[in-house]
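Participant: take this sequence and fold it.
(chains A, B, C and D)
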Amino acid sequence: MSSAETTTETTAETSAEWTADEMMTVAAARQLHDGTACFVGIGLPSTAANLARATHAPGLVLVYESGCIGAKPDRLPLSIGDGVLADTADAVVSVPEVFNYWLQPGRIDVGFLGAAQLDRFANINTTMVGGTYDAPAVRLPGAGGAPEIAASCREVVVVVRQSPRTFVRELEFVTSVGFGSGPGDRERWGLRGAGPRVVITDLGVLEPDPSTCELTLTSLHPGATVEQARAATGWDLRVAADVASTRPPDADELRVLRALNATLRAGS
Amino acid sequence: MSSAETTTETTAETSAEWTADEMMTVAAARQLHDGTACFVGIGLPSTAANLARATHAPGLVLVYESGCIGAKPDRLPLSIGDGVLADTADAVVSVPEVFNYWLQPGRIDVGFLGAAQLDRFANINTTMVGGTYDAPAVRLPGAGGAPEIAASCREVVVVVRQSPRTFVRELEFVTSVGFGSGPGDRERWGLRGAGPRVVITDLGVLEPDPSTCELTLTSLHPGATVEQARAATGWDLRVAADVASTRPPDADELRVLRALNATLRAGS
Amino acid sequence: MARIMSLRDAVAELVRDGDTVALEGFTHLIPFAAGHEIIRQGRRDLTLVRMTPDVVYDQLIGAGCAARLVFSWGGNPGVGSLHRFRDAVEHGWPGPLELEEHSHAGMANRYVAGASGLPFAVLRGYRGTDLVERTATIAPITCPFTGEELTAVPALRPDVTVVHAQRADRQGNVQLWGITGVQKEAVLAAHRSLVTVEELVDELTPVPGDVVLPSWVVTAVAHVPGGAHPSYAQGYSVRDNEAYRRWDAVSRDRDAFTAWLDADVLAAGAPA
Amino acid sequence: MARIMSLRDAVAELVRDGDTVALEGFTHLIPFAAGHEIIRQGRRDLTLVRMTPDVVYDQLIGAGCAARLVFSWGGNPGVGSLHRFRDAVEHGWPGPLELEEHSHAGMANRYVAGASGLPFAVLRGYRGTDLVERTATIAPITCPFTGEELTAVPALRPDVTVVHAQRADRQGNVQLWGITGVQKEAVLAAHRSLVTVEELVDELTPVPGDVVLPSWVVTAVAHVPGGAHPSYAQGYSVRDNEAYRRWDAVSRDRDAFTAWLDADVLAAGAPA
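Facilitator: Residues are numbered from 1 along each chain as shown, chains lettered A, B, ... in the order given. Down below sits the predicted model:
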């Protein structure tokens, strides 16, 4: 299970025509290009990947850490090990194999990660918050597949709600590496993927600055403001000179997304 | 393919009722106990293992390095990768898996090895004879699975024709380890199996001395003499105080063995 | 060769106080019934090993069976937190729980090393994370050919591994299919193993994607139909997602948990 | 995604002079037709990699394609010697052949490391043998947890791996079954890959024990029925043991070999 799940308990804010979760999911889905391979965690990443496959990227290859390679579910899987993934996969391999033969060599184009905390260099904490490691205020699920997804996928997409609680100045625990403390750290540690290419929040889209690796707000979702984004960030947020406006979910994206989510509810 | 194959080109001597090859095969088969697991190379080891399974050891588990675990062929396989092995196996696994998960941890009770040359400590050469490594007089097939079979099986049975050409004072190349240069070497190298328990030749049976590890003639096949064995050995052969006489092949063993060999000829 | 035993007898013989115990199954084929029997038999001081200590380990931890947990992701998949796990880590209830924390890739490779008879495994992993400092069983290792620095993790060798499978034959050969996770490695890495199965059959018919564990590498097989519930056994049952959701409420509260434990596990008794 | 190509075009594009080339298949599914096409296209200075360089590499070596051989067992299975291999090593005909010699366990693990994106693999192997001194790609390595000394071997990363499989679909997804050897690892370890298949089908039906290589990890698929002969493709053909025996006589003599090469390979031309 990817640590993306750690964010699923919060309820999404809603707008008139779509919810913030829907906007995030649609924006995430748009990051996935046809014919690429995507390492998928359950929750929002799985929804986004299946939305992409059902809309603009029919040839998207979904790889689940349960060992299902090329899964083509006709409904949203309810867990990373849902039978529908095994039934529709090109191949079902062991868990050691999916990590060693498929993730580790850098065969996977895009990895999706969530975060309980994220810092300005897109490093991620999904381990613990508050107190000490041995006696934390909140014990989170831990690493799962995330450290190696963050290290080995050719690039990473992070999906996380933006708030001073999640966008923090300093992580309490570095579970998965974004850019460490800046340029050169990934190379120094031998992490072969390029790292986070984009962070998608409920307010907008952030991208690492090409020279400093620091996350920079590059797009705002409809209705969100730079001030909101700054207020939801625990550090002095960099904002691009020309902040774009995220294209709202179109009718087709919303229809397919809602149909997918309906299969999830039907399965419960 | 096990290096046992390197000995199959020589023609066997014959006696009135059975051939030397038949005596060797029967003696080798008797080393295999019911309910144990045996790592089998093609040629004489495979014949012996299938003879054992068809006579006194119906529960013998045959493991072939092609990945066939628990093969139950109803005829002699013609190669290590014969389809009959996959068709009748409990499981067919990859070649890396058979070496890593099955052989290396010491799960296999008995490994069979042949030899082009063998020394007094049952070290084995199947690499080259004469000249130099870079320009050998005779280039042999090489290691195959033998070094790790010799290292990891709980015990090893070596089957080799006895002659001054094969039983040599010093190996030209150590391909697989018996007892190195004597007690303690296996432990020093971290080889976890007990090493060769018995060497079966066309003349008799040799066993390592419990204190020196040096091969000692402990049994003579019917018709063979100590003098013959000494003459066929390139070092001063140790002979047990009470050399036993190998029980000749019985009618049942010969009948089953010949039926098995007939399947081999029928398959050509 | 594996012995066919009752679940009660098998747990009594194979799982001992203080043991390192791995119950594996990646969402699919989780051996819940065996976990409950371990609780019923009152095992203590266990080191529990599992990549994804989900509801089954939440139950064992809450019941006080565990002293240590070796793991890589502790959540209720698709639902949220494991509240008994959190209560143990955050508040030491019902007792302290020592953690040995890895990533999935690390845990999978630790089982591979165990199954392979090697003392350690090598992977590209952990570097740059705080796990490196926090977890003693993570160490750097240098490639002798390229000089590149990678990460080593030690083999896992559980005293006993427990898995659930679709079926076994009467000789104790085991067959599982669908998502088979790390179960083969976990069984081969262990000193002893127990497999609960949906069905005992005369002969195992090959199935695409199946994993067969020959009888001679399995210690005991117990016939426990439904033994994976609320997880599932592909071809026999579907995942009871509602039970996973219900667990959230049961496990949030110590009293509700204790009542569940009394009624659903202790009073229920072992399967026939 | 894999492209469906003719064998001639695929070899022309994927196999280049000086390449490190692995043709794998453990007795079963040996890509003989692709080997013959490599000979016909006159490739030179190849480093040939293969656990069991049997008749197919005897042919490539005799035809003068190879400068180096990386291997673990060079014989004609069940028959005897590989005479072209021996002639090259013993007498340098048709040219010298440099050897890099391993054991099966070492070669298998070298492919595993290649497939895993690791620079090396660790095994219990080689210790006490003369291979340790003879082969530069064998090195000691110490367990950082136990201090135990084991053996490391570097990853194999062929420029191109060629295998034969039972079938592929029209998208280039490949399926093989029976004894599948080290083929998955050899394909995943390679920079490029070519799979010859018995059959191109609309849809791959699952088969027990099958290995599926998704189209996106394969470079090219060529439809070459009988492309494994005299090896075999389980479900499609049986091994031509007589051809292996006949090879012994053909290959013993340079002239007989050259005549065979002219008639059976060069004059024959590529499969349609």
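
Participant: hey, let's count contacts and neighbours off CA atoms from now on
Facilitator: OK.

Participant: in the stretch 1-150 of chain A, which residue sits nearest chain D?
Facilitator: Nearest residue of the stretch 1-150 of chain A to chain D (C-alpha to the nearest C-alpha) works out as A:Pro105 at 4.0 Å.

Participant: for that residue, helix, strand, or coil?
Facilitator: coil (DSSP: H, G, I helix; E, B strand; the rest coil).

Participant: send me stretch C:239-246 as PDB with only the CA atoms.
Facilitator: Extracted as PDB, the C-alpha positions of stretch C:239-246 are listed here (Å, rounded to 0.1, in the frame of the first residue of the first chain):
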ATOM      1  CA  ARG C 239     -12.900  -9.800   0.300                       C
ATOM      2  CA  ASP C 240     -15.300  -8.700   3.100                       C
ATOM      3  CA  ASN C 241     -14.600  -5.000   2.700                       C
ATOM      4  CA  GLU C 242     -17.400  -4.100   5.100                       C
ATOM      5  CA  ALA C 243     -15.700  -6.100   7.900                       C
ATOM      6  CA  TYR C 244     -12.500  -4.000   7.300                       C
ATOM      7  CA  ARG C 245     -14.600  -0.800   7.600                       C
ATOM      8  CA  ARG C 246     -16.300  -2.200  10.700                       C
END
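
Participant: is that stretch anywhere near chain A?
Facilitator: Yes: Stretch C:239-246 is in contact with chain A by C-alpha under 8 Å from any C-alpha of the partner chain, via C:Arg239, C:Asn241, C:Glu242.

Participant: my read is that the second one contacts C:Pro230, right?
Facilitator: Yes: proximity of C:Asn241 to C:Pro230 meets the contact threshold set by C-alpha atoms under 8 Å, at 7.3 Å.

Participant: neighbour count for these two, which is higher?
Facilitator: Neighbours were counted for C:Asn241 and for C:Pro230 using other C-alpha atoms under 10 Å in any protein chain shown; C:Pro230 has more, 24 against 19.

Participant: need the contact list for that one.
Facilitator: Counting by C-alpha atoms under 8 Å, 6 or more residues apart in numbering or on different chains, C:Pro230 touches C:Phe32, C:Arg239, C:Asp240, C:Asn241, C:Ala243, C:Tyr244.

Participant: mind doing that once more with 10 Å?
Facilitator: For C:Pro230, the contact set (C-alpha atoms under 10 Å, 6 or more residues apart in numbering or on different chains) comprises C:27-33, C:55-56, C:237-244.

Participant: and for A:Gly180, the neighbour number?
Facilitator: 21.

Participant: now C:Tyr236
Facilitator: Using other C-alpha under 10 Å, C:Tyr236 has 11 neighbouring residues.

Participant: any idea whether it is helix, strand or coil?
Facilitator: coil.

Participant: now the residue of the stretch 1-150 of chain A closest to chain D: how far from A:Arg154?
Facilitator: Distance of A:Pro105 to A:Arg154, given as C-alpha to C-alpha, to the nearest Å: 10 Å.

Participant: need the overlap of contacts for these two.
Facilitator: By C-alpha under 10 Å, 6+ apart, the residues touching both A:Pro105 and A:Arg154 are A:Arg192, A:Gly193.

Participant: sketch out the low-pLDDT regions of the stretch 151-272 of chain C for me.
Facilitator: For the stretch 151-272 of chain C, residues meeting the criterion pLDDT under 70 lie at C:272.

Participant: now do the strands in it.
Facilitator: Taking DSSP state E, counting those that start in this stretch, the strands of the stretch 151-272 of chain C run over residues C:160-169, C:174-176, C:192-201, C:211-213, C:220-223.

Participant: closest to B:Leu203 out of these?
Facilitator: Within those, the stretch nearest B:Leu203 is strand C:211-213; the backing value is 40.7 Å (C-alpha to C-alpha).

Participant: which residues touch C:Val217?
Facilitator: Counting by C-alpha under 10 Å, 6+ apart, C:Val217 makes contact with B:102, B:107, C:1-2, C:172-174, C:187-188, C:190-193.
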